[in-house]
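K.L.:
Output the structure for:
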Amino acid sequence: MPDKAPKSDSCRLYVTSDLAVGARHVCTREQFHYLAHVMRCRAGGHVLVFNGRDGEWRAGIAEMDKRSALLVARGQVRPQVAGPDIDYLFAPLKRARLDYIVQKACELGAARIRPVLTRLTQVRRVNLERMRANAVEAAEQCGILHLPEIAEPVELGALISGWSGPRRLIFCDEAASVASPLEALSRLAPGPVAVLVGPEGGFSAAERAELRDLAEATAISLGPRVMRADTAGVAALALVNAVLGDWRE
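P.N.:
Numbers count the residues shown, from 1 in each chain. So this is what the prediction gives:
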């Protein structure tokens, strides 16, 4: 059975090097496997590349042998644009669900993703490199131009005590005083925000009190149903994007 025809501009790759006309990129082993064996690309074809700084570029596959591929940037397709200034803070989950929430946070435009260790957090160790790999894969597939920063885990107490500046901290709390999350969010002025989702068991009473005492914090409810932590994260990010993020544009 003959090979499939090369696919032109049907895949995107994240690269770390600067992009300009004539810029060259030697594919990593994983990128080469994807181009050659998954997408069935060949020398002479084209792909899209981005680095989170210089926009999206059309790159030609200048060389490809049995083990490597060389890409050369030909022209910019889209200029770099800034996504919403949203930090996603969450209590770590087990492996498959952690992969899922990192991917979805990336797709929903999070600029930074950071694990937060709470009293009831069940998973205390996270693989930051795996988180970064999931973010790269999501960014490549969903067409966004930036890659979220993956930050080191932090204890919730340290996060709260060190909070400063204009960024609002929006945390999910089933006991929020305003039942409608849309109403609660509509009271806030647009600007940089952080979305905090706790563990499956929720925040402890002491943690909830600390959060409520923080001047920059706003509690939002996610409705009458109890959600898993990964579902709550997607719901909260969608609400924030709709009211305060770039879904308004």
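K.L.:
Quick check: pLDDT value at the residue positioned nearest the centre of the chain.
P.N.:
When CA atoms, centre = their mean is applied to the chain, the residue found nearest the centroid is Cys106 (2.0 Å). At Cys106, the pLDDT value in this model is 96.
K.L.:
ok, now the one 5 residues further on?
P.N.:
The per-residue pLDDT reported for Ala111 equals 96.
K.L.:
Tell me, how many residues neighbour it?
P.N.:
19 (other CB atoms under 10 Å). Bear in mind the C-beta positions are built from the backbone N, C-alpha and C, glycine included.
K.L.:
list the contacts for it?
P.N.:
Contacts for Ala111 (CB atoms under 8 Å, 6 or more residues apart in numbering) come out as Gly83, Pro84, Asp85, Ile86, Asp87, His146, Pro148, Glu149.
K.L.:
My guess is the residue nearest to the centre of the chain contacts Ala133. True?
P.N.:
No: checked against CB atoms under 8 Å, the pair Cys106 and Ala133 is beyond contact range at 11.2 Å.
K.L.:
If we ignore the residues flanking it in sequence, what's nearest the residue nearest to the centre of the chain?
P.N.:
Leaving aside its sequence neighbours, Cys106 sits nearest to Ala138 (CB to CB, 6 or more residues apart in numbering; 4.0 Å).
K.L.:
Tell me, how many residues neighbour that neighbour?
P.N.:
Ala138: 20 surrounding residues under other CB under 10 Å.
K.L.:
Could I get the pLDDT score of Lys4?
P.N.:
Reading off the model, Lys4 has pLDDT 37.
K.L.:
and what of Met1?
P.N.:
Here the pLDDT value assigned to Met1 is 32.
K.L.:
now swap in Arg248 and tell me
P.N.:
Looking at Arg248, its pLDDT stands at 74.
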